[in-house]
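1. Got a predicted structure plus its sequence, pasted below:
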Amino acid sequence: MTEIWWAVLLGIVGTYAAKLAGHSVPERLLDRPLVHEISDALPVALLSALVAVQTFAVGQELVLDARVAGVAAAAVALTLRAPFLVVVLVAAGTAAALRATGLVA
């Protein structure tokens, strides 16, 4: 097997172990208010970090390109309470229009 397949198998085993560990946590620990607050905030923080990395980074470099304008347009659409599909289309359309006109890379 190649090294990549060993990494995939290790990821599978690690994911299964993490899920199993989560299911074996005692119920009394999960009923604490602090645990509920952390479990509510953690997905938002992880998604925000993912969006920031995908928007502002290319490899190890910090870049400002059409993706930033797309995310900004999506934020405006969200503020105006647009449906999710509209938000995605606004973001993609903004980035595509800027790239097509050559204003931004």
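-> Structure's in. What do you need?
2. contact partners of the least confident helix or strand in the chain by mean pLDDT?
-> Here the helix or strand of the chain ranked lowest by mean pLDDT, DSSP states H and E is helix 27-30, holding a mean of 85. Residues outside helix 27-30 that contact it (Cβ atoms under 8 Å, 6 or more residues apart in numbering) are residue 35. All C-beta atoms are positioned from the backbone trio N, CA, C, and that covers glycine.
3. Show me where the chain has its strands.
-> Applying DSSP state E to the chain gives strands spanning 57-58, 61-62.
4. Okay, residue 14 and residue 31: tell me how far apart.
-> Residue 14 sits 27 Å away from residue 31, going by Cβ to Cβ, to the nearest Å.
5. ditto for residue 59
-> 44 Å.
6. next one: the least confident helix or strand of the chain to chain centre, how far?
-> Chain-centre distance of helix 27-30: 28 Å, with Cα atoms, centre = their mean, to the nearest Å.
7. Which parts of the protein are helices?
-> Using DSSP state H, the helices of the chain run over 3-23, 27-30, 33-56, 66-79, 84-101.
8. weakest of those in terms of mean pLDDT?
-> For the helices of the chain, mean pLDDT drops lowest on helix 27-30, to a mean of 85.
9. could you dump that helix to CSV, C-alpha only?
-> What follows is helix 27-30 as a C-alpha-only set of coordinates in CSV (Å, rounded to 0.1, in the frame of the first residue of the first chain):
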residue,chain,number,x,y,z
GLU,A,27,-24.6,11.5,30.7
ARG,A,28,-23.9,13.5,33.9
LEU,A,29,-21.0,15.2,32.2
LEU,A,30,-23.0,16.2,29.2
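10. what about stretch 70-85, distance to the chain center?
-> Distance, centroid of stretch 70-85 to centroid of chain: 16 Å (Cα atoms, centre = their mean).
11. quick one on the thing from earlier: with mean neighbour count as added columns, please give the helices of the chain in a markdown table.
-> A markdown table is the format used below for the helices of the chain (neighbours: other Cβ atoms under 10 Å):
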| stretch | mean neighbour count |
| --- | --- |
| helix 3-23 | 10 |
| helix 27-30 | 8 |
| helix 33-56 | 10 |
| helix 66-79 | 17 |
| helix 84-101 | 15 |
